[in-house]
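J.: I would like to see how this sequence folds:
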Amino acid sequence: IFPKTEKCKVRIGVDCTLILHDSNSRNLAKYVINKNEDTEIVIPQNTNQFIVDTIGQVPVTTRTTFDIKAIYDTEFDRLDKYQEWLEYRKLSAILRNLNRTDIGDGNVPDKTYAPLVLAGLTDIHNDNFTARKYVETCLKFKAYINEMIGLGDYVNGAINDPEYNLDAISGFGNMLKAIGNHDAYNTWPNTAIVDDATTYNKWIAPNVSKWGVNYQQGKCFYYKDYDSSHIRLIVLDYMHWDESNDANGQKAWFNNVLINNADSALNKGYHAVVVCHAPIMTQTTGKFVQFDRCPFTQKDKEYTTGFNNNTIAEIVDSFQNLGGNFICYLFGHLHRDMVGTYENYPKQIFIAQSCTSGMTDGNDTDWSTDAPWALRFNLYSFDYKKKFIRVYQVGESIDRNMQQKKGMLITYDTNVEGKLLNA
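T.: Residues are numbered from 1 along each chain as shown. Okay, the predicted model is just below:
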């Protein structure tokens, strides 16, 4: 029962007459509906039944109650829209701050450079609803976001998952993609891996020409330079990394783009961000050392295993020892947030991001897709002059331990251990 008169719009999938009744079946209003249009109507107070009379087809004596496809702009969904409006308004202010260059310098912006701002999605696992909302939000604020980037696991099973349909989302193909484990499995739950050329053809080839990245045909690793930010973003393919033989040349390539080439990050003076789906942890790196008093860290679980790779951290260590500025790793895979450094490499900062999908078991935060702000992804701002990493988590961000995960500020420096500044 509508408690008061509502002016709204209605959408019905047939040409019809819409008749509004009260609880005593008295006609309160009548409207002619075109199935191809939204119709503005007034729903009188005490309306409790909507009846559709299909014009010229159904006699009045056989009228029946009909499920209307949508009634919107009423008080019932106005609260949801208001909450979303508040979130968007807050997000607009957050993004302006993430783009600022005058932090700590009064009110005088430094216009000689711009921070690099990324919108990170990870472990979406076929969640079309949340992926669509992520893209819509990023496009709404595209003036403030340099890049959408996926940290892997776009499917829920294996590479040819029949339920995968995220590419149908307008704008999803513009997102840079790192390869996750599910994205390279041949079948599920069998975890045999397809070759890198097959993986490339599925995830990289369709859109790589519009990403503006430096890539190799048939390979799922690449990099992109952001000149105004003095940053090189390096995306690794951990599923096809060959630690012993370097069969696809990725290890040598990584060393070259970071250190050895004439236009390497080291020689250009560019700071480096490395993206890899699964967190790196080996005997060489030592265990994860999470930042204390940080809401993005795990209080109920200590991870003791990771992607068993020594070379990546060793190459980054060489880069730093030669004077290169390493910003951080961006990881997914864990379905949980985790931030810190390594026991044996305290200058190498990692940020593991929890699931963007709300439909996956083991999440930090669970939510229903009918919630008004059912969404979660991270915004990253990298400022090479101040050596700041600023992170903001968009959407549903209170975890199972009642930690409010909104923003954090980390400093990175070649000469000192990374520190969380706003603990």
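
J.: pretty sure Asp337 contacts Phe296?
T.: Yes: using Cβ atoms under 8 Å, Asp337 is in contact with Phe296, at 4.4 Å. Bear in mind the C-beta positions are built from the backbone N, C-alpha and C, glycine included.

J.: quick one: common contacting residues for the two?
T.: 393, 405 (Cβ atoms under 8 Å, 6 or more residues apart in numbering).

J.: mind listing what the helix or strand where Val42 lies pairs with, with the direction of each?
T.: For Val42, the host element (DSSP states H and E) is strand 39-43. Sheet pairing of strand 39-43 (DSSP bridges) gives strand 6-11 (antiparallel).

J.: List the contacts of the helix or strand just after the partner strand.
T.: Toward the C-terminus, strand 6-11 is succeeded by strand 16-21 as the next helix or strand (DSSP H and E). For strand 16-21, contacts defined as Cβ under 8 Å, 6+ apart pick out 10, 12, 27-33, 35, 39, 41, 43-44, 47-55, 63.

J.: In strands, which of these appear?
T.: Using DSSP state E, the subset of the contacts of strand 16-21 located in strands is 10, 27-33, 39, 41, 43, 49-53.

J.: so who does the residue lying closest to Leu121 once chain neighbours are set aside touch?
T.: Nearest non-adjacent residue to Leu121, counting by Cβ to Cβ, 6 or more residues apart in numbering: Thr356, 4.6 Å away. Listed by Cβ under 8 Å, 6+ apart, the contact partners of Thr356 are 121-124, 127, 130-131, 134, 375-377.

J.: What segments of the stretch 151-300 of the chain are helices?
T.: Assigned by DSSP state H, counting those that start in this stretch, the stretch 151-300 of the chain shows helices spanning 181-184, 196-203, 250-255, 265-268.

J.: What are the buried residues along the first one?
T.: Going by neighbour count (16 or more other Cβ atoms under 10 Å), the buried part of helix 181-184 is 181-184.

J.: repeat for the third one
T.: The neighbour-count criterion (16+ other Cβ under 10 Å) identifies 250-251, 253-255 as the buried residues of helix 250-255.

J.: quick one: contacts of that helix?
T.: Helix 250-255 is contacted by residues 216, 219, 221, 234, 236-237, 240-243, 246, 311-312, 315 when judged by Cβ under 8 Å, 6+ apart.

J.: let's go with 6 Å and repeat that
T.: Contact with helix 250-255 is made by 221, 241, 246, 311, 315, as judged by Cβ atoms under 6 Å, 6 or more residues apart in numbering.

J.: Which one (most neighbours) among those?
T.: Within the contacts of helix 250-255, most neighbours by other Cβ atoms under 10 Å means Phe221, with 27 neighbours.
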